[in-house]
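Peer 1: what would the 3D arrangement of this be:
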Amino acid sequence: MPDYIYLLENRLSPAQRNALQLVRDIARDASMTVFLAGGAVRDLTSGSSVRDLDFTVQGNALKLLKKLEKSGVVLLGEHEPSRSMSLWFPGSVRVEVSTARREEYPKPGKPIYHWATIHEDLRRRDFTANAMALSLNESSYGLLLDPLNGVADIEARLLRLASNYGFLEDPSRLVRAWRLHHRLGWELEERTLVRYQNAKEEGVISAIPHYLLGVEIEAIAHEEDALGALKALEAEGWMKHLDPAWISAKADSTGLAALHRTLTQLQIQGVYPDPSAAQMELLTAKMQPKELAGLKKLFPNPGFVAQWESLESDAKEFARVLSGKDAASPSATWKLLTSYQAEPVLWLAFSSKSAPVQTKFNNFFNVWPDAKQRVPLALLLEMRITPELPGYDDLLQEIFFHLIDGQLQTEEEMRAFLEPYSPPAPPAPVNVRKTRGRRAERVRIEEELEEETDLHEDAELAAESEDDMDEERPEADDAPPPPKPALKSVLPGEKTTADGGKKASSSTSKKGSLQPAGIVEAATSKQSQAAPKPAGKGKAAKAVPAPKEEAKPKQATPAQSQKVAKSTPAKAIQKQVKPVPKKVVAAKPAPAKKQAGKAVPKKIASKATPKSAPSKAAAKSKPEPKAHGKKVAAKKKH
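Peer 2: Modelled structure (predicted):
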């Protein structure tokens, strides 16, 4: 659904908007509700150009005439029975103002009028596409009234009768249907087409009243393609019922084509004349004076006939003004052409044979508009003259007039001309320096925030690491115990002598096999933890538990049979072993019996265990006698 407020503001010409506002104001002062109805709403909805305006008021429309005439409106004609009138507004705007009514047809073509509301007025109209209205009242401005769903038929491009008896009640609708079919290119709805053909065959057109016949004849002159509409009605057979003497062969088709070219050139330069009177002059160019006089009597609006008849005289008057002092300069000529009544301008531009007049029109159409491209928009921006400033458009127009008059040809002249219009430069931005104290305070606050953030991050990392260690503890319990340095205690495979010495086992001395140092150390640690009984009277150093280490499997290092690692005192062990992180959990030691029962690996290269320094306890004790078992093992090895 289109936004009709937007369409009213943008699709209507400035003169049409002024006419609409004037009718609104006068109807409001008269306490009448007013609506824009008929073809104007249809054209707004369909996207066609709005050619005229139709207003409907709930009240007697004829009572508005006096106030409208005081505002410069010209009455073209009025119809007392229907309380409607045709008006000519400034800016060449054709307007029809009618009273909301309901019609009854006791006989074809003879209506009886009843004053009614706007909804009843819309239902009595000819086609659904024309049975639409827009409210122009304060409380409902832009509201669409569409009781017969005309929008759907507009979208479908269909002409549908608003009443099943529409062609029988008002035979002029037969002519109107075919004229709209030619102008819009819409098709007649299926049942409407059947009724149209039936009414045509029955000769209903013969009952058309004189007033409505004149309305349809005048409507041909208001068509954009008047000659095409005349030919279409003639081919359909309707012109012989309207006026048999008026046929397309009596029209000046060449002149009509030239008139349309001139009309387009004027519209490009902002001049919008109503070509109806000029077209009517050319459509009847070859008619006899008697035939022409009879045709003029059929027109319902005497004011339109007066415009038609005064067309030539008005053009001559304008030619006199255009050749006088009021148009001495190019700018004065431009102002005159754009401010004078548009219809004489159109007819003079089309029909004049005067060389000076044609030269001015040629300059107006082709030469002077090029000066608009030389307006220094970049210089205007440089001097801070922007479109937001009031009077910007008027300034551009004034620059244009100076340019077509041959002035302001250099940049210096242009700057001097624009200097009074240039607004003052904006003040420079104030740069407020911040003191050191504030800056230092800000830096200090930022550092404190960073420190707090770091502390929070460290706490989170510590919590995460503790969680990870808790998850790893069950796996570490099953790992083998870490190797420990050999202590001076009873090793598996040795016997303790009475004097505190050690004797190698017979199996070891005979076979000459070596046990891994890791197994020996593990066994030693197990025995030291189990507190074994001392063998013999010799005092052996007490086993000191080694600091806990991570349970990492180490490659077993076999001990040589020739040299047995001497036990190291506890103090020496504490000095050599580095501290291990607190949270590492040592593996639980396995029973000593199971550890001793493990098979000894074969063919493993032995490594000599480093001798540790003698402890204080060893210095106090008596020197140990050399073990004979060691010598025997050494001899066998050699």
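Peer 1: only C-alpha atoms from now on, for both contacts and neighbour counts.
Peer 2: Fine.
Peer 1: test my guess that A232 contacts L180.
Peer 2: No - counting by C-alpha atoms under 8 Å, A232 sits too far from L180 to count as a contact (10.5 Å).
Peer 1: those two - which one has more neighbours?
Peer 2: A direct count of neighbours by other C-alpha atoms under 10 Å for A232 and L180 places A232 higher, at 19 against 16.
Peer 1: any idea how far that one lies from H181?
Peer 2: 10 Å (C-alpha to C-alpha, to the nearest Å).
Peer 1: how about the helices in the stretch 151-300 of the chain?
Peer 2: When secondary structure is read from DSSP state H, counting those that start in this stretch, the stretch 151-300 of the chain shows helices at 166-169, 172-184, 190-202, 210-221, 226-236, 239-242, 253-268, 276-283, 289-298.
Peer 1: show the subsequent helix or strand relative to the last one.
Peer 2: Using DSSP states H and E, the helix or strand that follows helix 289-298 towards the C-terminus is helix 302-309.
Peer 1: local confidence estimate at S489?
Peer 2: For S489, the pLDDT comes out at 44.
Peer 1: domains in the protein, by residue range?
Peer 2: Annotated domains of the chain cover 1-156, 157-248+286-295 [automatic domain parsing].
Peer 1: can you say which of those domains is nearest to A371?
Peer 2: For A371, the closest of the domains of the chain is domain 1-156, at 24.7 Å, according to C-alpha to C-alpha.
Peer 1: now the closest one: average pLDDT?
Peer 2: pLDDT averaged over domain 1-156 gives 94.
Peer 1: just how off-centre is it within its chain?
Peer 2: Computed by C-alpha atoms, centre = their mean, to the nearest Å, the separation of domain 1-156 from the middle of its chain amounts to 37 Å.
Peer 1: now stretch 416-425
Peer 2: The answer for stretch 416-425 is 38 Å, by C-alpha atoms, centre = their mean.
Peer 1: ok, now how distant is the nearest residue to A277 once chain neighbours are set aside from D25?
Peer 2: Closest residue to A277 apart from its sequence neighbours, by C-alpha to C-alpha, 6 or more residues apart in numbering: W308 at 4.7 Å. From W308 across to D25, the span is 31 Å (C-alpha to C-alpha).
Peer 1: likewise A219?
Peer 2: Distance, A219 to D25, using C-alpha to C-alpha: 28 Å.
Peer 1: E96 falls within a strand, correct?
Peer 2: Yes - E96: assigned to a strand according to DSSP: H, G, I helix; E, B strand; the rest coil.
Peer 1: my guess is it meets H79, correct?
Peer 2: No - E96 is beyond contact range of H79, at 10.9 Å (criterion: C-alpha under 8 Å).
Peer 1: quickly list what's touching both of the two.
Peer 2: Common neighbours of E96 and H79, using C-alpha atoms under 8 Å, 6 or more residues apart in numbering, are M85.
Peer 1: okay, the two: which has more neighbours?
Peer 2: E96 (17 against 14).
Peer 1: so the nearest residue to L7 once chain neighbours are set aside, which state does it fall into?
Peer 2: Once flanking residues are discounted, L7 sits nearest to L44: 6.8 Å by C-alpha to C-alpha, 6+ apart. Here L44 takes the helix state, with states given by three-state DSSP.
Peer 1: I figured L44 hits R11, correct?
Peer 2: Yes - assessed by C-alpha under 8 Å, L44 is found in contact with R11 at 7.3 Å.
Peer 1: where do the contact lists of those two overlap?
Peer 2: Shared contacts of L44 and R11, counting by C-alpha under 8 Å, 6+ apart, come down to V50.
Peer 1: one step back: please work out which of the helices of the stretch 151-300 of the chain is packed deepest.
Peer 2: Burial of the helices of the stretch 151-300 of the chain is given as mean neighbour count (mean count of other C-alpha atoms under 10 Å); helix 166-169 ranks first at a mean of 24.
Peer 1: average pLDDT for that one, rounded please.
Peer 2: 94.
Peer 1: who are the packing partners of that helix?
Peer 2: helix 172-184, helix 190-202 (3 or more C-alpha pairs under 8 Å, 6 or more residues apart in numbering; DSSP states H and E).
Peer 1: show me the one of the ones you listed that comes nearest M469.
Peer 2: helix 172-184 (87.0 Å).
Peer 1: now that closest one: mean pLDDT?
Peer 2: According to the model, helix 172-184 has a mean pLDDT of 96.
Peer 1: could you do stretch 388-402 as well?
Peer 2: Rounded mean pLDDT across stretch 388-402 is 93.
Peer 1: with stretch 364-384 instead?
Peer 2: Mean predicted confidence for stretch 364-384 is 93.
Peer 1: please shift the residue numbers so they start at 46 in all later answers.
Peer 2: Done: numbering now begins at 46, and the last item shifts to stretch 409-429.
Peer 1: for it, buried residues please.
Peer 2: 409-410, 413, 416, 420, 425, 428-429 (16 or more other C-alpha atoms under 10 Å).
Peer 1: can you lay out these as CSV showing secondary structure and distance to F395?
Peer 2: Listed next are these as CSV, based on DSSP: H, G, I helix; E, B strand; the rest coil; distance: C-alpha to C-alpha, whole Å:
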residue, secondary structure, distance to F395
F409, helix, 14
F410, helix, 13
W413, helix, 19
A416, helix, 25
V420, coil, 31
L425, helix, 39
M428, coil, 43
R429, coil, 44
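Peer 1: could you export the residues you listed as a markdown table, including distance to T455?
Peer 2: As requested, these are exported to a markdown table (distance: C-alpha to C-alpha, whole Å):
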| residue | distance to T455 |
| --- | --- |
| F409 | 24 |
| F410 | 26 |
| W413 | 18 |
| A416 | 14 |
| V420 | 12 |
| L425 | 14 |
| M428 | 16 |
| R429 | 19 |
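Peer 1: give the buried residues for stretch 451-471.
Peer 2: 453, 459-460, 463, 466-467.
Peer 1: narrow these to those in strands?
Peer 2: Secondary structure assignment by DSSP state E places none of those in strands.
Peer 1: any chance of TSV for those, columns distance to V249?
Peer 2: As requested, those are exported to TSV (distance: C-alpha to C-alpha, whole Å):
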residue	distance to V249
L453	69
M459	71
R460	73
L463	70
Y466	69
S467	71
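Peer 1: circling back: now do the residue nearest to A322, the pLDDT please.
Peer 2: W353 is given a pLDDT of 95.
Peer 1: and it, what is it in contact with?
Peer 2: Residues near W353 by C-alpha under 8 Å, 6+ apart: 322-323, 325-326.
Peer 1: then G84?
Peer 2: G84 neighbours (C-alpha under 8 Å, 6+ apart): 97-99, 175.
Peer 1: redo that, cut-off 10 Å
Peer 2: When contacts are counted by C-alpha atoms under 10 Å, 6 or more residues apart in numbering, G84 touches 90, 95-99, 174-178.
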